[in-house]
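take this sequence and fold it.
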Amino acid sequence: MPPSAAAAGPAPVTVIVGEEELLVERAVAAVAAQARQSGGEDAPDVHDVRAAELKAGDLTNLTAPSLFGGDCLVIVRSAQDVTKDVAAELGRLAADPAPGVLLVATHAGGAKNKALLASLVSGGARRVDCPPVKRFGERMDFMRGEFRGAGRKADDGGLRALLDAVGNDLRELAAACSQLAADTTGVINQATVAQYYRGRAEATGFTVADRAVEGKLADALEQLRWALATGVSPVLICSALAQGVRALGRVGSAARVRGADALAADLGMPPWKVDRVRQQLRGWTAEGVARAHAAVAQADAQVKGEGASPGYALERAITEIVASRSRN
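Next up is the predicted model:
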């Protein structure tokens, strides 16, 4: 935040729009912190209320001057759920906020009570958008920002490994970034993440698959040996390889001009997955994908009993997958 903005204090009315709960909470906390900072020694009275629980007159009572003086911060959560009477009351208070009164309203941003949102913004409220973080690239950027805020750096391999291990929940990703930033040194990479997330069988299997379809033979074999050493079932790893190669074929055969959201709906996979597979498709042809499919099918039969060494079968499959890509 620029020093001039902090000196001026928070806006009298702030509307925080979006459904990404973590980002909404952080935006509310930022306004509250700014209010405390601008108030000096006299911290404002904070009233944090749910919109659905408000009755007509409640907001007027909450914003009424105190006998003891001092500023007041009223946070109205999920303003899309207010009744018609409360919406009118909130609109009046926002249009002419009393001295020392700060209003913060969160709104999901959908069609429900959209007129209230529009009236607050048109009336001069400061708008803060918290859009959903859905795409693979957006989550990668989010994690980069988390590490940057902690004064740390993670490479792309580390970020991908963390996303594989933790999943898509933003709150869990933020917590994982915080833990790694506090407990490790140096650049956070794939090996760093692996130390903290051993035992997540599905994640390690998919990490092996990602490295293979990306053409990174040494990395893929290293991840395979680590996964097997930590007890990951060869069947799970083979399944992950099959899913990785199958995703190449499904996304690669779809129209390139379609957006990730539309394509994800058709293919039954999340948009971030579509974005990732599109990146992995670089260097692949339909013939290469077909060869990779055949290699995985052969490995699947061997790890399920036809071969003497499941580990060797997986190594051969990974080598053939990488070769199928590099021959294109």
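
for the record, mean pLDDT for the one helix or strand residue 118 maps to?
The secondary structure element spanning residue 118 is helix 114-122 (assigned by DSSP states H and E). Taken as a whole, helix 114-122 has a mean pLDDT of 93.

any residues touching it, and which ones?
Under the contact criterion Cβ atoms under 8 Å, 6 or more residues apart in numbering, helix 114-122 has outside partners 13, 15, 17, 79-80, 82, 87, 90-91, 94, 105, 107, 109, 127. Using the backbone N, CA and C atoms, a C-beta is placed for each residue, glycine as well.

quick check, nearest of these to residue 187?
Within the contacts of helix 114-122, distances to residue 187 taken as Cβ to Cβ reach their minimum at residue 17, with 35.6 Å.

identify the residue spatially nearest to that closest one, adjacent ones excluded.
In space, not counting the residues next to it along the chain, residue 17 is nearest to residue 109; the distance is 4.6 Å by Cβ to Cβ, 6 or more residues apart in numbering.

and whichever helix or strand comes after the helix holding residue 118, what does it pack onto?
As assigned by DSSP H and E, the chain's next helix or strand after helix 114-122 is strand 126-129. In this structure, strand 126-129 makes packing contacts with strand 13-17, judged by 3 or more Cβ pairs under 8 Å, 6 or more residues apart in numbering; DSSP states H and E.

what about dumping the CA coordinates of the strand it packs on to CSV?
Backbone C-alpha positions of strand 13-17 (Å, rounded to 0.1, in the frame of the first residue of the first chain) are rendered in CSV as follows:
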residue,chain,number,x,y,z
VAL,A,13,-17.4,2.6,2.5
THR,A,14,-15.7,-0.5,1.0
VAL,A,15,-17.4,-3.3,-1.0
ILE,A,16,-15.5,-6.5,-1.3
VAL,A,17,-16.8,-8.6,-4.2
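
just to revisit the earlier point, now the residue nearest to residue 17, what's its secondary structure?
With DSSP: H, G, I helix; E, B strand; the rest coil as the basis, residue 109 sits in coil.

stretch 223-238: how far from the chain's middle?
The gap between the average C-alpha position of stretch 223-238 and the chain average comes to 27 Å, counting by Cα atoms, centre = their mean, to the nearest Å.

who are the packing partners of the helix or strand where residue 61 lies?
For residue 61, the host element (DSSP H and E) is helix 58-62. Using 3+ Cβ pairs under 8 Å, 6+ apart as the contact criterion, the secondary-structure elements in contact with helix 58-62 are strand 45-50, strand 72-77, helix 84-95.

comparing those, which comes out most buried?
Mean neighbour counts were taken over these using mean count of other Cβ atoms under 10 Å, and the top value, a mean of 22, falls to strand 72-77.

and the angle for that strand with strand 13-17?
The directions of strand 72-77 and strand 13-17 differ by 20 degrees, with axes from the mean of the first three to the mean of the last three Cα atoms, to 10 degrees as the criterion.

can you tell me the average pLDDT over strand 72-77?
For strand 72-77, the per-residue pLDDT values average out at 93.

got it, and stretch 11-19?
The model assigns stretch 11-19 a mean pLDDT of 94.

endpoints of it, how far apart?
With Cα to Cα, to the nearest Å as the measure, the first residue of stretch 11-19 is 22 Å from its last.
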